[in-house]
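Undergrad: here's a sequence, model it:
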Amino acid sequence: MIFNQATDYGFRIILFLSKQPASKRIEAVEISETECIPERFLFKIMRKLSAHGLVKSFRGVNGGFTLGRKPEEIKMLDVVEAVEGPVFVNVCFKGNNQCSKSAIGSCVVHHELAKLRYDISTRLKNIDFKTLVEKEQIMKEGDVFSSCSEPDATNTIT
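TA: Below is the predicted model of the structure:
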């Protein structure tokens, strides 16, 4: 399973907002420039995050964005589901009996992929953004990565 670019941007947005004071409204341009997200995509993603209560949007002179919940209450799974929908690892999990073999109840592949889907969802459900902020700070202190750079094998959080 590969998350799409919008989900990656969603992670960046929530992580960025998690590092801000709770009452501080952040303008879209600041998020866009800091997190290397094209503004046109930022607004599209913000609408999805807002619809799921992950961010709040404020219009007007003092407008901007804040988190909709505390960072420790927002899980990576929340962002994935807000941007992409439910986690699927194969078409047969989308319902409507889409198995080309008509073997959903007896397919060993389906059974193994169901376990994988559960593992992925559980892992994402257990990672909150307060923890990610803390891990990022530790990584920055070790100068593990720089902003807007491509990740490599050393840039992983475990």
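Undergrad: tally of neighbours for Lys19?
TA: Applying other C-beta atoms under 10 Å, we find 14 residues neighbouring Lys19. To be clear about C-beta, it is placed using only N, CA and C from the backbone, and glycine gets the same treatment.
Undergrad: what element comes up after the one helix or strand Arg117 maps to heading to the C-terminus?
TA: Assigned by DSSP states H and E, Arg117 belongs to helix 108-125. Scanning forward in sequence from helix 108-125 by DSSP H and E, the next helix or strand is helix 129-141.
Undergrad: contacts for that next one, please.
TA: Ile14, Leu15, Ser18, Lys19, Lys70, Pro71, Glu72, Ile74, Lys75, Met76, Phe145, Ile157 (C-beta atoms under 8 Å, 6 or more residues apart in numbering).
Undergrad: least trustworthy helix or strand in this structure by mean pLDDT?
TA: Lowest by mean pLDDT, DSSP states H and E among the helices and strands of the chain is helix 108-125, with a mean of 89.
Undergrad: residues of that one that come out buried?
TA: His110, Leu113, Ala114, Arg117, Ile120, Ser121, Leu124 (16 or more other C-beta atoms under 10 Å).
Undergrad: can you check stretch 68-82 too?
TA: Neighbour-count burial for stretch 68-82 [16+ other C-beta under 10 Å]: Gly68, Arg69, Pro71, Ile74, Lys75, Met76, Leu77, Asp78, Val79, Val80, Glu81, Ala82.
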